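fold the following, please.
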Amino acid sequence: MWFFLLLSGSYAIAICISTLLSYYYSSLFITGLRCLISGALILMVEFIYNKSLNIQISKYKTGYFLAIVFGFVMPLTLNCLVIEHLPATELSIIAITQPILIYLLAAYFFSEHLNKKQLLLLITGTILAFSAVVIEAGIERISLISWQEPVALFDALLLAVGWLSIERLVRLNESANSIAGIGFFLTGIFTMLLSASKPIRFTYQLSPLFLLLILILVGDLFTTRIRAQMSKKYSATLLSLICIFTPFITALNERIFNHMQYSYKFFLIIIPSLLCFIAFYYEEIKIQNKNISL
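Numbers count the residues shown, from 1 in each chain. Prediction:
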């Protein structure tokens, strides 16, 4: 559980830093720069340390297409469209829909099923998280009149498809590092090309450049890469739980550093939501251990 907490904290930090960087740089340009650097570093390290690397893109072309386009290119590009308009906390809570979206897709396409207790915990946790948004953001935001919320939800759906595809490839013994490296690098090229159509905002101040370095190290080289590697052992639904603490951590960060006020009701609802997802985690681990012993 402690390693999942570490991944969840890293995921939350990545969301917060992405939001902060949007104040200094054009979102598409900085995403392109970030992804090009991350992709190049991951691929370079993989090819140096894994001499026997065998990537079978032609054999699993559909899986690679879904993993790269839906797991990296499309969600990171769409995220650039909404990150400058939605608060970090609202983005993080929308991201918490990943577990239930991944489960629904896995159940439909791969016949994976949760027991009744797991399903109840997953649904309850998601409903509570959205309830926190309704109370904190107000009905004018949750009514989905603005275009950003549907785009963010669609982004979460794309990520669900992408991570399921990454899981399938990794379990077919494809390299998790190669998948992540190729995904980041192609995303970097795509977003860089898109950014050329708009004026580019860029600053040479040291503090935002330092934040960019942290984002690359924590968000890409650690969180995304490790999550992909762990797909061989854990289900995509279980791994999606790394985002469960993101709303809570992001809200605390916004309150401490940006002096944003959150009502006590927000935290009263978010905490039971987190407890539901934690209980789901332990139930899933218990079932996995039982299956291994059999």
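
the lowest-mean-pLDDT helix or strand in the chain: what's the following helix or strand?
Least confident helix or strand, the chain: helix 139-142 with a mean of 48, by mean pLDDT, DSSP states H and E. Of the helices and strands lying after helix 139-142 in sequence (DSSP states H and E), the nearest is helix 148-171.

got the buried residues for stretch 271-285?
Of the residues in stretch 271-285, Ser273, Leu274, Cys276, Phe277, Ile278, Ala279, Phe280, Tyr281, Glu283, Glu284 count as buried by neighbour count, 16 or more other CB atoms under 10 Å. (Each C-beta comes from the backbone N, C-alpha and C, glycine too.)

can you put those residues in TSV and add distance to Asn177 and secondary structure?
Shown next, in TSV, are the buried residues of stretch 271-285 (distance: CB to CB, whole Å; DSSP: H, G, I helix; E, B strand; the rest coil):
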residue	distance to Asn177	secondary structure
Ser273	33	helix
Leu274	31	helix
Cys276	33	helix
Phe277	28	helix
Ile278	29	helix
Ala279	32	helix
Phe280	28	helix
Tyr281	25	helix
Glu283	30	helix
Glu284	25	helix
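
any idea how far Ile216 lies from Asn177?
Distance, Ile216 to Asn177, by CB to CB, to the nearest Å: 15 Å.

same question for Phe3.
18 Å.

of these two, who's got more company?
In this view Phe3 and Asn177 are compared by other CB atoms under 10 Å, and Asn177 has more residues nearby, 18 against 10.

got phi/psi on the more buried one?
Phi and psi for Asn177, reported as degrees, to the nearest 10, are phi -60, psi -40.

let me know the helix or strand that the closest residue to it other than its chain neighbours is in.
Distances taken as CB to CB, 6 or more residues apart in numbering place Glu46 nearest to Asn177, at 4.2 Å, with adjacent residues excluded. Glu46 is part of helix 27-49, with elements assigned from DSSP H and E.

point out where the stretch 1-150 of the chain drops to low pLDDT.
Within the stretch 1-150 of the chain, the stretches with pLDDT under 70 are 1, 51-52, 87-90, 93-94, 111, 133-134, 136-149.

ok, back up a step: tell me what the helix holding Glu46 is packed against?
helix 74-82, helix 176-195, helix 206-214 (3 or more CB pairs under 8 Å, 6 or more residues apart in numbering; DSSP states H and E).

10 Å instead, please
helix 2-21, helix 74-82, helix 176-195, helix 206-214, helix 225-230 (3 or more CB pairs under 10 Å, 6 or more residues apart in numbering; DSSP states H and E).

got the buried residues for the very next helix or strand once past it?
Later in the chain than helix 27-49, the nearest helix or strand by DSSP H and E is helix 61-68. Within helix 61-68, the residues that count as buried by 16+ other CB under 10 Å are Gly63, Tyr64, Leu66, Ala67, Ile68.

am I right that the second one is in contact with Ile182?
Yes - in this structure, Tyr64 is within contact of Ile182 by CB atoms under 10 Å, at 7.7 Å.

mutual contacts of those two, please.
Ile55, Ile57 (CB atoms under 10 Å, 6 or more residues apart in numbering).

how about the buried residues of helix 61-68 in CSV, adding distance to Ser197?
Listed next are the buried residues of helix 61-68 as CSV, based on distance: CB to CB, whole Å:
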residue, distance to Ser197
Gly63, 31
Tyr64, 27
Leu66, 27
Ala67, 27
Ile68, 22
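
now, which of those sits nearest Leu153?
Among the buried residues of helix 61-68, Leu66 lies closest to Leu153 (CB to CB), at 19.1 Å.

that closest one and Gly181: what is the separation?
17 Å.

now swap in Ser195 and tell me
21 Å.

do the same with Pro199
In terms of CB to CB, Pro199 sits 30 Å off from Gly181.

what's near enough to touch Ile37?
Contacts of Ile37 by CB under 10 Å, 6+ apart are Phe184, Phe185, Gly188, Leu212, Leu213, Ile216, Asp220, Leu221.

buried members of these into PyMOL, please.
Restricted to buried positions by 16+ other CB under 10 Å, the PyMOL selection for the contacts of Ile37 reads:
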select buried, resi 184+185+188+212+216+220+221
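
CSV for the contacts of Ile37, including distance to Thr126 and pLDDT?
Formatted as CSV, the contacts of Ile37 follow (distance: CB to CB, whole Å; pLDDT from 0 to 100):
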residue, distance to Thr126, pLDDT
Phe184, 28, 96
Phe185, 33, 96
Gly188, 32, 95
Leu212, 32, 90
Leu213, 34, 92
Ile216, 30, 93
Asp220, 26, 92
Leu221, 29, 92
